[in-house]
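Q: Structural data only, the sequence is not supplied:
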């Protein structure tokens with residue numbers, strides 16, 4: 001993984017985009033920490049608490065505030081840029097996308113439950129339509145060249161010639177599923193996180209190496225052909241007790257591994273690379289009848305990718321002055337109380 005390099009010769013366009021990313025980061029972090037934004041967030045919390053049972057019945061899902069949080073941010077964004085924005089017509093964009101005088105601003109809103117997904121508050125995940133960053137393949141091992149990470153956003157809009165900037169705004173909450181709901185307001189977990197994903201034009205400044213792995217993966221199964229049939233290995237309890245070499249031995253004892261399949265391994269997985277078909281197989285945990293088993297699955301692709309947060313935080317503008325590319329707010333209601341006093 002690579003932080004932003006400041007010793008690489010940059011183009012004028014790269015310098016302009018570095019400054020624009022800093023400019024809009026400052027605007028967005030001021031917006032989501034403003035008194036009116038936090039007051040509106042408090043209203044959502046109160047309404048969710050009051051109508052918890054109805055919301056549970058209507059939505060039938062754990063995340064009851066996804067849609068209204070998107071509406072909240074959209075409302076404040078359009079108030080902030082009212083009169084300065086144009087409609088952005090591309091269907092490939094984030095939740096919020098608008099054309100401004102100098103950029104195409106893309107903003108995605110994520111609501112994260114700390115009870116079930118607390119790790120996502122401190123990691124940055126994105127969909128393919130939310131970034132233009134050009135990363136090298138990830139999870140290379142032995143002969144396996146790694147997975148490609150799709151970036152569907154364009155770096156520069158071909159119609160307006162303006163750069164597309166991407167920001168993720170995460171709002172943390174706690175929902176026990178039994179009636180107790182709160183937005184996070186503590187020093188243990190961030191309440192709101194604003195993250196700037198670097199524009200694709202800047203990719204070489206990070207050695208094209210910001211993505212770390214994927215949140216989830218898409219697998220082949222037997223419907224794709226007999227070759228792709230998952231292979232049962234053993235119970236998870238037995239498998240995790242084995243050394244790495246013993247895990248390979250166990251796999252090769254219970255299923256036929258062709259001679260031209262080469263062993264590959266990662267930090268928490270092992271598998272094989274079929275060099276003839278250029279297909280990667282690796283171990284997957286599957287729950288069967290209330291217990292976990294290990295299977296060997298053919299992997300089609302990675303789905304939701306992750307950025308390395310540590311590298312995102314340390315950003316530099318055109319003057320090589322440092323700014324923060326991922327800003328975290330804690331105890332947001334304390335801030336509101338301070339402003340009211």
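A: Looks like it came in fine. Every value quoted in this text rests on a predicted model; they were computed, and no experiment measured them.

Q: For the residue nearest to the spatial centre of the chain, name its beta-bridge partners.
A: The centroid of the chain falls nearest to residue 125 when counting by CA atoms, centre = their mean (0.6 Å). Judged by DSSP bridges, the bridge partners of residue 125 are residue 306.

Q: okay, and for the stretch 51-200 of the chain, where does confidence drop off?
A: Counting by pLDDT under 70, the ranges of the stretch 51-200 of the chain that qualify are 59-61, 118.

Q: What segments of it are helices?
A: Taking DSSP state H, counting those that start in this stretch as the test, the helices found in the stretch 51-200 of the chain are 52-59, 66-80, 114-117.

Q: Flag every buried residue along whichever strand or helix holds residue 22.
A: Element membership of residue 22 [criterion: DSSP states H and E] is helix 12-32. Under the neighbour-count criterion of 16 or more other CB atoms under 10 Å, helix 12-32 has 14, 16-22, 24-25, 28-29, 31-32 buried. Placement of C-beta: from N, CA and C, glycine included.

Q: coming back round to it: residue 97 is nearest to which of the helices of the stretch 51-200 of the chain?
A: helix 66-80 (10.1 Å; CB to CB).

Q: mind listing the strands for the stretch 101-250 of the chain?
A: Counting by DSSP state E, counting those that start in this stretch, the stretch 101-250 of the chain has strands at residues 104-113, 124-126, 164-175, 181-183, 192-197, 211-214, 217-219, 231-235.

Q: quick one on the thing from earlier: the residue nearest to the centre of the chain and residue 302 touch, don't they?
A: No - taking contacts as CB atoms under 8 Å, residue 125 lies outside contact range of residue 302: 11.3 Å.

Q: so residue 205 sits right up against residue 7, yeah?
A: No - counting by CB under 8 Å, residue 205 does not reach residue 7; the two are 9.9 Å apart.

Q: Which of those two has more residues huddled nearby?
A: Legend: neighbour count by other CB atoms under 10 Å for residue 205 and residue 7, higher for residue 205 (20 against 6).

Q: Next up, the contacts around that one.
A: 4-5, 8, 10, 14, 198 (CB atoms under 8 Å, 6 or more residues apart in numbering).

Q: Check residue 192 too.
A: Residues in contact with residue 192 (CB under 8 Å, 6+ apart) are 32-33, 169-172, 328-329, 332.

Q: and residue 133, which of the helices of the stretch 51-200 of the chain is closest to it?
A: Using CB to CB, the nearest of those to residue 133 is helix 66-80, at 22.2 Å.

Q: So which elements touch that closest one?
A: Applying 3 or more CB pairs under 8 Å, 6 or more residues apart in numbering; DSSP states H and E, one finds that helix 66-80 makes contact with helix 12-32, helix 35-50, strand 96-99, strand 104-113.

Q: angle of the last one against strand 192-197?
A: Same thing as strand 104-113. Counting by axes from the mean of the first three to the mean of the last three CA atoms, to 10 degrees, strand 104-113 lies at 140 degrees to strand 192-197.

Q: strands paired with strand 104-113, and their directions?
A: strand 96-99 (antiparallel), strand 164-175 (parallel).

Q: Please give me every residue in contact with the residue nearest to the centre of the chain.
A: Residue 125 neighbours (CB under 8 Å, 6+ apart): 110, 215, 304-307.

Q: Show me which of the residues you listed is closest to residue 148.
A: Nearest to residue 148, judged by CB to CB, of the contacts of residue 125 is residue 305 at 10.3 Å.

Q: ok, how many other residues are close to that closest one?
A: Count around residue 305 with other CB under 10 Å applied: 26.

Q: Quickly note the distance from it to residue 270.
A: Note on residue 305: its distance to residue 270, by CB to CB, to the nearest Å, is 22 Å.

Q: for the nearest residue to residue 135 once chain neighbours are set aside, which residues make a bridge with it?
A: Excluding the flanking residues, the one nearest residue 135 by CB to CB, 6 or more residues apart in numbering is residue 211, at 4.4 Å. With beta bridges defined as DSSP bridges, residue 211 has these partners: residue 307.

Q: burial of residue 211, as a residue count?
A: Residue 211: 25 surrounding residues under other CB under 10 Å.

Q: my read: it touches residue 309, true?
A: No - Residue 211 lies out of contact with residue 309 (CB under 8 Å); the separation is 11.7 Å.

Q: Below-threshold pLDDT in the stretch 201-341 of the chain: ranges please.
A: 308, 335, 337-341.

Q: can you rerun that using 90?
A: Where the stretch 201-341 of the chain drops to pLDDT under 90, the residues are 210-216, 221-222, 267-268, 287-291, 302-312, 334-341.

Q: Most neighbours among the contacts of residue 125, which one is it?
A: Neighbour counts for the contacts of residue 125 (other CB under 10 Å) peak at residue 305, which has 26 neighbours.

Q: So that residue is in contact with residue 151, correct?
A: No - using CB under 8 Å, residue 305 makes no contact with residue 151, being 9.1 Å away.

Q: Return every residue with contacts to both of those two.
A: Counting by CB under 8 Å, 6+ apart, the residues touching both residue 305 and residue 151 are residue 128.
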